[in-house]
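Visitor: Give me a 3D structure for the following:
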Amino acid sequence: MSLEESETTKRSVAPGDKEPSPVARRRLLRGWRLNALLFTATVFTTWAVGGLAYSATLLGILICHEMGHYLTARYFGVKASLPYFIPVPFALGTFGAVIKMDESIPNRRALVAIGASGPLAGLAVAIPLLFYGLSLSTVAPIAAPLPGLTEFGLVGILEGMSSGASKDGTVPLFFLEGNSILYWLAKSLVFEIPVDHDVWIHPVAFAAWIGLFVTALNMIPVGQLDGGHVAYGLFGDKANRLNNVVRGVLLGLGLTLWVGWLVWVVLISFILRASGGSHPPVRHPDKPLGPGMKLWGVIALLTLVLTFSPAPLREIRVTRQQALDLPKEVKEYANLCDEWIQWRYDLQEMPLRERLRADGPPECN
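Guide: Coordinates of the predicted model:
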């Protein structure tokens with residue numbers, strides 16, 4: 001048999017084979033330079049956005065998440081690429097990472113394992129890093145002089161845009177990260193937090209918080225998200241009934257609590273449309289899942305409950321005088337100064353045409 005015939009035969013082996021062919025390995029490894037380039041770029045963008053500690057923490061969590069998928073896929077004989085990181089020079093510094101799997105999943109057991117391994121691996125790293133980051137953080141007053149903490153839904157944003165400053169003279173001054181059950185428990189274990197106080201978190205803790213948030217996003221049980229893989233592996237075609245339920249819930253949260261959920265409604269709709277409205281079937285759906293893998297899948301879905309924050313961003317709205325009267329330590333943690341505060345409120349009180357021509361913000365020393 002010639003080499004060419006041998007390779008062709010290997011490519012046509014039954015789908016249940018565990019190991020991909022050498023040709024497939026070479027094809028997948030051929031693009032490692034692009035993976036390395038994207039990862040290097042992501043190191044720079046995350047470092048520029050949040051500093052070295054933030055970059056190292058966030059990338060460490062993302063690497064563990066993606067390698068959990070990669071190694072588990074390879075274990076079950078599913079051809080998978082190395083992670084492709086997505087650098088962005090703003091916001092969080094990255095949109096995360098993805099791996100590409102070149103064939104359908106052999107059975108429900110493999111599907112649950114591959115879907116759950118990434119979030120659980122990332123979470124195993126994020127939790128200790130969260131506690132370490134919280135040990136470097138500080139409790140400070142945030143709300144004693146403030147009228148209240150408001151959410152960041154589309155309805156509230158549109159109301160604010162229509163009036164500039166709100167009717168009571170308040171404007172959003174800064175934002176706080178939302179609490180999931182796991183994040184709230186971690187803060188409560190590390191600190192005794194008085195009323196009208198909160199934790200002003202270190203960059204390591206903030207990157208770990210993002211790790212929890214990314215876990216929740218990935219574990220949403222719909223489409224080909226990690227949670228969608230796990231749900232389909234556990235419940236089969238019945239899991240497709242969750243698609244519209246999830247979109248409805250996220251739509252309501254986007255209107256009332258955090259406008260970013262509307263982006264996820266669009267993204268999930270696109271994913272579902274690309275896959276024909278349902279999760280792709282596995283090749284051998286009748287192979288038993290097994291009690292151990294069922295438990296693994298249930299644990300993975302429970303992480304969604306623990307890490308999900310209905311309002312990941314909340315805004316602090318204050319009047320001009322309340323902003324100026326904020327405690328010194330609050331201004332330091334929020335990088336505020338009186339000159340910047342005056343500029344912020346003057347800008348909001350201008351008509352839109354004047355705002356577009358106004359000078360930029362003053363620098364705080």
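
Visitor: Mind listing residues that contact stretch 303-312?
Guide: Under the contact criterion CB atoms under 8 Å, 6 or more residues apart in numbering, stretch 303-312 has outside partners 119-120, 123, 151-152, 177-183, 212-213, 215-216, 219-221, 227, 253, 257-258, 260. Heads up, the C-betas are built off the backbone N, CA and C, glycines and all.

Visitor: Same question for stretch 121-129.
Guide: Contacts for stretch 121-129 (CB under 8 Å, 6+ apart): 57, 60-62, 64-65, 67-68, 182, 186, 204, 207-208, 211-212, 214-215, 303, 307.

Visitor: Tell me the buried residues in the longest helix along the chain?
Guide: Across the chain, the longest stretch assigned as helix under DSSP state H is helix 108-135. Counting neighbours by 16 or more other CB atoms under 10 Å, one finds that the buried residues in helix 108-135 are 108-123, 125-127, 129-131, 133-134.

Visitor: try stretch 276-284
Guide: His279, Val282.

Visitor: cool, stretch 38-49 as well?
Guide: Leu38, Phe39, Ala41, Thr42, Val43, Thr45, Thr46, Trp47, Val49.

Visitor: before we move on, back to that, can you give me the offset of the longest helix of the chain from its chain's centre?
Guide: 13 Å (CA atoms, centre = their mean, to the nearest Å).

Visitor: Any chance you could list what contacts the next helix or strand after that helix?
Guide: Once the chain leaves helix 108-135, the next helix or strand it forms, by DSSP states H and E, is strand 138-141. Strand 138-141 is contacted from outside by Phe191, Ile193, Pro194, Asp196, His197, Asp198, Val199, Trp200, Pro327, Glu329, Val330, Tyr333, using CB under 8 Å, 6+ apart.

Visitor: can you do 10 Å?
Guide: 187, 190-202, 326-327, 329-330, 332-334 (CB atoms under 10 Å, 6 or more residues apart in numbering).

Visitor: could you flag which of those are buried?
Guide: Of those, these count as buried by 16+ other CB under 10 Å: Lys187, Val190, Phe191, Asp198, Val199, Trp200, Ile201, His202, Leu326, Val330, Tyr333, Ala334.

Visitor: Checking my notes, the first one in a strand, right?
Guide: Think Lys187. No. Lys187: not assigned to a strand; according to DSSP: H, G, I helix; E, B strand; the rest coil it is helix.

Visitor: Can you classify the nearest residue to it once chain neighbours are set aside by secondary structure?
Guide: Spatially, and ignoring its direct neighbours in sequence, Lys187 is nearest to Val199 (5.3 Å; CB to CB, 6 or more residues apart in numbering). Counting by three-state DSSP, the backbone at Val199 sits in strand.

Visitor: Grab the nearest non-local neighbour of Gly51.
Guide: That would be Pro203: by CB to CB, 6+ apart, it lies 5.5 Å from Gly51.

Visitor: show me what contacts that neighbour?
Guide: 49-58, 133, 136-137.

Visitor: redo that, cut-off 8 Å
Guide: Applying CB under 8 Å, 6+ apart, the residues near Pro203 are Gly50, Gly51, Ala53, Tyr54, Thr57, Gly133.

Visitor: burial of the first one, as a residue count?
Guide: Applying other CB atoms under 10 Å, we find 20 residues neighbouring Gly50.

Visitor: Would you list the phi and psi of it?
Guide: Per-residue torsions, Gly50: phi -130, psi 0 (degrees, to the nearest 10).

Visitor: distance of the closest residue to Asp102 other than its chain neighbours from Ile114?
Guide: Using CB to CB, 6+ apart and skipping residues adjacent in sequence, the residue nearest Asp102 is Lys79, 4.3 Å away. Lys79 sits 12 Å away from Ile114, going by CB to CB, to the nearest Å.

Visitor: any common contacting residues for these two?
Guide: With CB under 8 Å, 6+ apart as the test, Lys79 and Ile114 both reach Ala73, Met101.

Visitor: Isn't Thr94 up against Trp47?
Guide: No. Assessed by CB atoms under 8 Å, Thr94 is found out of contact with Trp47, at 10.8 Å.

Visitor: tell me the SS of Gln322?
Guide: helix.

Visitor: For it, grab the count of nearby residues.
Guide: The number of residues near Gln322, taken as other CB under 10 Å, comes to 17.

Visitor: before we move on, what about Gly260?
Guide: Neighbours of Gly260 (other CB under 10 Å): 17.

Visitor: try Leu306
Guide: So Leu306, with other CB under 10 Å, has 16 neighbours.

Visitor: what about Phe270, how many neighbours?
Guide: 11.

Visitor: Let me have the contacts of Pro203 in TSV, adding distance to Val265 and pLDDT as columns.
Guide: TSV is the format used below for the contacts of Pro203 (distance: CB to CB, whole Å; pLDDT from 0 to 100):
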residue	distance to Val265	pLDDT
Gly50	28	87
Gly51	33	90
Ala53	34	91
Tyr54	29	93
Thr57	29	94
Gly133	31	94
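
Visitor: From these, pick the one nearest Val98.
Guide: Thr57 (20.2 Å; CB to CB).

Visitor: just checking, that closest one is part of a strand?
Guide: No. Membership of Thr57 in a strand is not supported by three-state DSSP, which gives helix.

Visitor: How about the contacts made by it?
Guide: Leu129, Gly133, Pro203, Val204, Ala207, Ala208, Gly211.

Visitor: Taking those, tell me the two that lie furthest apart.
Guide: Pro203 and Gly211 (12.7 Å).

Visitor: I'd say His202 and Ala53 touch.
Guide: Yes. Counting by CB under 8 Å, His202 does reach Ala53; the two are 7.4 Å apart.

Visitor: per-residue confidence for Val298?
Guide: pLDDT recorded at Val298 is 94.
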